[in-house]
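Q: Need a 3D model of the following:
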Amino acid sequence: MRSIGAAAVALAGSATLLTLAAVPSAAATAGPHPAVQAVDCGQASNGLQVIALTTKGSPACGTAHRVAEAYLKAVHDDDRKVVVVHADDARWKCRERHGDPNPYTECVKFEDRAEKVRLLS
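A: Model (predicted):
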């Protein structure tokens, strides 16, 4: 396995810096499967940073924002640790993950586990 690149996201209005370890760079995956890349999609309506981990590049940001908003709505309706949301005719499983130093939310597409959305504070 090739080495994994790291991406850093500076958080607006905060001195906190979250390093996304284990996010493959575009060149990190070789072979018949497309490479997964981290795409900064801006902020959700509540100010969380939206990152798409995707094989589709920046066009995935629209879906990433719809997943983020569906998750944010579901969290207000339900206090479960794992939340399933629907966006763009697909199901996404969302849950909090341990980060270094801060936790983050990660949503994984049921039908294609290479497609993920991360919400960072």
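Q: residue boundaries of the strands in this protein?
A: For the chain, the strands defined by DSSP state E occupy 7-10, 17-20, 37-43, 49-54, 82-87, 90-97, 104-109, 116-120.
Q: Any regions of this protein where pLDDT drops low?
A: Under the criterion pLDDT under 70, the flagged ranges of the chain are 1-33, 77-80.
Q: could you redo the last one with a cut-off of 80?
A: The chain contains residues with pLDDT under 80 at 1-34, 76-81.
Q: How many neighbouring residues does the spatially closest residue to Pro103 that is not a sequence neighbour have?
A: Among residues not flanking Pro103 along the chain, Glu96 sits closest, at 5.3 Å (C-beta to C-beta, 6 or more residues apart in numbering). (C-beta placed from N, C-alpha, C; glycine too.) Glu96: 13 surrounding residues under other C-beta atoms under 10 Å.
Q: what do you get for Gly99?
A: Gly99, neighbours per other C-beta under 10 Å, totals 17.
Q: what sits against the residue nearest to Pro103?
A: Glu96 is in contact with Lys81, Pro103, Tyr104, Thr105, Glu106, counting by C-beta atoms under 8 Å, 6 or more residues apart in numbering.
Q: Show me which of these are buried.
A: Neighbour-count burial (16 or more other C-beta atoms under 10 Å) is assigned, among those, to Tyr104, Thr105, Glu106.
Q: Make CSV out of these and add distance to Ala44.
A: As requested, those are exported to CSV (distance: C-beta to C-beta, whole Å):
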residue, distance to Ala44
Tyr104, 12
Thr105, 10
Glu106, 14
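Q: hmm, back to that, output the strands of the chain in CSV, with distance to Ala64 appended to each entry.
A: Shown next, in CSV, are those (distance: least, C-beta to C-beta, whole Å):
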stretch, distance to Ala64
strand 7-10, 14
strand 17-20, 14
strand 37-43, 5
strand 49-54, 4
strand 82-87, 9
strand 90-97, 10
strand 104-109, 9
strand 116-120, 5
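Q: how close does the closest residue to Glu111 other than its chain neighbours get to Gln43?
A: Spatial nearest neighbour of Glu111, excluding adjacent residues (C-beta to C-beta, 6+ apart): Ala90 at 5.7 Å. Taking C-beta to C-beta, to the nearest Å as the measure, Ala90 falls 22 Å from Gln43.
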